[in-house]
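Peer 1: next input, structure requested:
(2 chains)
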Number of protein chains: 2
Amino acid sequence: MPTLERPFDEELKILKEKLLEMASRAEEQIALAVRALKARDEALACRVLEREGAVNRLDIEVDDMCLRLLALRQPMAADLRFITSGMKISSDLERIGDLAVNIAERTLDLLKQPELKPLIDIPRMAEMAQAMVRDALNAFVNGDDVLARDVCLRDDQVDQLNDQVFRELLTYMMQEPGTISRAVDLILVGRHLERIADHATNIGEDVIYMVRGKTIKHHIEEGRATGLKGCAKGE
Amino acid sequence: MPTLERPFDEELKILKEKLLEMASRAEEQIALAVRALKARDEALACRVLEREGAVNRLDIEVDDMCLRLLALRQPMAADLRFITSGMKISSDLERIGDLAVNIAERTLDLLKQPELKPLIDIPRMAEMAQAMVRDALNAFVNGDDVLARDVCLRDDQVDQLNDQVFRELLTYMMQEPGTISRAVDLILVGRHLERIADHATNIGEDVIYMVRGKTIKHHIEEGRATGLKGCAKGE
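Peer 2: Take a look at the predicted model:
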């Protein structure tokens, strides 16, 4: 197929496509794992474990491709930042895939026990985390730092929902010790989803860096940490 | 000061030193956080929160330095792999620093409640995780893939100890529901330490890749995942 693009642009396009594919697979893994949890579907949870390899293989492919581009193309400025961001994003997506597998493992453990209660907040957290992953990748491929910043800001909502889930499950355990083992499994699922949102936030931060050429990494965190949670200020 | 080294070698040396400094600070953060937890020392836990910025600033410095080296030096082969590995390792060390902060936050929460029991296994896990971080960085600066592989293999021991801590704390909660909130905090501390060991393992995998020029990433994991935990094989 004839094209007016330079081969280097073609390669960058392939890199974008691979990262988008990785993100869509990682997102699907989260969706499957949480659907398996909600529907108490063992076969679905197993499918998440079986599909782990695909995201991992893409991570290796992206890594190899980025290294090759760095070595052969000797890119400068914006292209260099694009490729090094790609490497980092790939590694975040791979960890997101791992966390989806962790959710599936917890689900298999939960399926050996009676249902604690119908799940509402955990599937909501999962949807929020998935949307963050999707938007972070769209921000990356379109160089959209406004969307990337929006992703970073949504992290707090997931954290708040997770705190709420956590407190509710603590209450369950205290009122009815027979629920402890199941409630702890669900607390861990909440944590995994919170960490998925953290990785999406990392991607958002990388995109902002890539677009603006300067880092905002840690600034958002530091803004949050004001007051050092219970520690005297100025200590 | 006159030197026989090429400036590029000088720069790589500075990069190594920065990463070693980052690792030693991250390791110290783990040690402080777990000492604060064991000794129930609030001021020490607060110190971990105050010192978080230092690791984050080093992460930004290392990242900038790596990008500059990639752009200006256009390194090939081994040097290229060294620099891109440096970027990944920096990001793992930064997350390790975050996890130490999470442990300190849990500690502050635990200090509001009476002590559950004297801690033995959690400090042991912390020591193992710290040693993994230290050895992973030594493997990196010395290009020692044998030590790096050893770090990766030790990850299973930390996982096992964490499973043991987890089961013990579940038993506590079931026998005495008044301990639930504290036991959950300690379960989360165990998780954070397990994740620190995972990051040290990531660094080990990167070092092996850097030294051998091919990836072993995911192979160790896949070896572990055989049998897919309770799922029918070949499904």
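
Peer 1: roughly how far apart are the residue most central in space within chain A and chain B?
Peer 2: Central residue of chain A (Cα atoms, centre = their mean): A:Ile196, 3.4 Å from the mean position. With distances taken as Cβ to the nearest Cβ, to the nearest Å, A:Ile196 is found 14 Å from chain B. In this view, the C-beta of every residue, glycine as well, is placed from N, C-alpha and C.

Peer 1: correct me, but that residue touches A:Val133?
Peer 2: Yes. With contact defined as Cβ atoms under 8 Å, A:Ile196 reaches A:Val133; the gap is 7.0 Å.

Peer 1: for chain A, which segments count as helices?
Peer 2: For chain A, the helices defined by DSSP state H cover A:7-39, A:42-50, A:52-73, A:77-110, A:121-142, A:145-175, A:180-212, A:219-224.

Peer 1: now the angle between helix B:180-212 and the longest one, please.
Peer 2: With axes from the mean of the first three to the mean of the last three Cα atoms, to 10 degrees as the basis, helix A:77-110 and helix B:180-212 are set at 130 degrees to each other.

Peer 1: repeat for the fifth one
Peer 2: If you take the same axes, to 10 degrees, helix A:121-142 sits at 30 degrees to helix B:180-212.

Peer 1: any buried residues in helix A:121-142, and which?
Peer 2: By neighbour count with 16 or more other Cβ atoms under 10 Å in any protein chain shown, helix A:121-142 contains the buried residues A:121-126, A:128-130, A:132-141.

Peer 1: same for chain B: which of these are within range?
Peer 2: Applying Cβ under 8 Å from any Cβ of the partner chain to these, one finds that nothing falls near chain B.

Peer 1: how about the contacts made by A:Met210?
Peer 2: A:Ala78, A:Arg81, A:Phe82, A:Ser85, A:Phe140, A:Gly143 (Cβ atoms under 8 Å, 6 or more residues apart in numbering or on different chains).

Peer 1: at 7 Å what do you get?
Peer 2: Applying Cβ atoms under 7 Å, 6 or more residues apart in numbering or on different chains, we find A:Met210 in contact with A:Arg81, A:Phe82, A:Ser85.

Peer 1: which one of those residues is nearest A:Asp9?
Peer 2: Using Cβ to Cβ, A:Phe82 comes nearest to A:Asp9 of the contacts of A:Met210, at 11.1 Å.

Peer 1: measure the closest residue to the closest one other than its chain neighbours to chain B for me?
Peer 2: With Cβ to Cβ, 6 or more residues apart in numbering or on different chains as the criterion, A:Phe82 has its nearest non-adjacent residue at 6.1 Å, and that residue is A:Met210. According to Cβ to the nearest Cβ, A:Met210 and chain B sit 11 Å apart.

Peer 1: one step back: please identify which of the contacts of A:Met210 is nearest to chain B.
Peer 2: Nearest to chain B, judged by Cβ to the nearest Cβ, of the contacts of A:Met210 is A:Arg81 at 7.1 Å.

Peer 1: buried ones in stretch A:100-118?
Peer 2: Within stretch A:100-118, judged by 16+ other Cβ under 10 Å, the buried ones are A:100-111, A:116.

Peer 1: gap between stretch A:164-172 and the chain center?
Peer 2: The chain centroid and the centroid of stretch A:164-172 are separated by 23 Å under Cα atoms, centre = their mean, to the nearest Å.

Peer 1: stretch A:202-217 now?
Peer 2: Centroid separation for stretch A:202-217 versus its chain: 16 Å, with Cα atoms, centre = their mean.

Peer 1: which residues of chain A score low on pLDDT?
Peer 2: A:1-6, A:214-230, A:232-235 (pLDDT under 70).

Peer 1: recalculate using a threshold of 50.
Peer 2: A:1-4, A:221-227, A:233-235 (pLDDT under 50).

Peer 1: list the contacts of the closest residue in space to A:Leu116 that isn't next to it in sequence.
Peer 2: Leaving aside its sequence neighbours, A:Leu116 sits nearest to A:Arg182 (Cβ to Cβ, 6+ apart; 4.5 Å). Neighbouring residues of A:Arg182 by Cβ under 7 Å, 6+ apart: A:Leu110, A:Gln113, A:Leu116.

Peer 1: related to what we said a few turns ago, can I get the helices of chain A in TSV including distance to B:Val55?
Peer 2: Shown next, in TSV, are those (distance: least, Cβ to Cβ, whole Å):
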stretch	distance to B:Val55
helix A:7-39	27
helix A:42-50	33
helix A:52-73	24
helix A:77-110	17
helix A:121-142	23
helix A:145-175	20
helix A:180-212	15
helix A:219-224	12
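
Peer 1: tell me which of the ones you listed approaches B:Arg154 most closely.
Peer 2: In terms of Cβ to Cβ, the element of the helices of chain A nearest to B:Arg154 is helix A:77-110, at 18.7 Å.

Peer 1: show me what that closest one packs onto, helices and strands only.
Peer 2: helix A:7-39, helix A:42-50, helix A:52-73, helix A:180-212, helix B:52-73, helix B:77-110 (3 or more Cβ pairs under 7 Å, 6 or more residues apart in numbering or on different chains; DSSP states H and E).
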